[in-house]
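J.: just coords:
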């Protein structure tokens, strides 16, 4: 066999192999699609909760680290100038610790959301944008998550020195229109920021799985996300 013919045969073999392993979404059954997506969601949520539900999970990540509420932020420099640096630091640390403690409570709700997912939901998420699954989770779990997070956050923030003073000041200021109502209670502010941080990290995990199917946790998931990218 001369070189050109050998090259042609090799090329045909490679093409055949590629065709045999290439998939489109239509090649998968409804059951495969739903199973693959649930694997992805389970992988992404576990990764997000593991990253955030530990000490410094929020504090060490600038994108989601919870800062002082906007109203108190304006007074932060004065607080530090007048010898209240320790109290300001304790408040920031305490708010983030509260978020870190609350996040693991999301796991059970996420599991339920995955179980209740329909095939139409699954296909819509798979063919949606980079954060389609995260948006689905936010839509179906944000309210119950708020209910779950709030008492945990309240328990932690109630032990922080400045928290009570902030609530007293912000509660009065909100009636005067100086402070936004949603920021009038520090526990509600921290709960909202904890959820924002959790969904942001989930979106990052989802985007990473979509962009790098080879990192997916199962072979089926690799094939499905690989097919979507084609």
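T.: Nice, I can see it. Bear in mind that the values here come from a model prediction, so they are computed numbers and not experimental data.
J.: which residue ranges form the helices in this protein?
T.: With helices called from DSSP state H, the chain shows them at 3-21, 30-52, 70-81, 85-102, 106-115, 119-126, 132-157, 161-175, 186-211, 219-229.
J.: Residues in contact with the fifth one: which ones?
T.: What that stands for is helix 106-115. Residues outside helix 106-115 that contact it (C-beta atoms under 8 Å, 6 or more residues apart in numbering): 38, 41-42, 45-46, 49, 136-137, 140-141, 144-145, 148, 198. Yep, even glycine has a C-beta here, placed from its N, CA and C like the rest.
J.: Quick check: the farthest pair among those residues?
T.: The span of those, defined through C-beta to C-beta, is set by 38 and 148 at 21.7 Å.
J.: Residue 66: neighbour count?
T.: Residue 66: 23 surrounding residues under other C-beta atoms under 10 Å.
J.: and it, what is it in contact with?
T.: 58, 92, 95, 96, 99, 190, 193, 194, 197.
J.: Quick check: it vs residue 104, distance?
T.: As judged by C-beta to C-beta, to the nearest Å, residue 66 and residue 104 stand 17 Å apart.
J.: Residue 110: neighbour count?
T.: Residue 110: 22 neighbours (other C-beta under 10 Å).
J.: among the helices of the chain, which gets the worst mean confidence?
T.: When the helices of the chain are ranked by mean pLDDT, helix 3-21 comes last with a mean of 37.
J.: Per-residue pLDDT of residue 67, please?
T.: What the model reports for residue 67 is a pLDDT of 90.
J.: Verify the stated contact: it with residue 92.
T.: Yes - contact status for residue 67 versus residue 92: in contact at 6.9 Å, counting by C-beta atoms under 8 Å.
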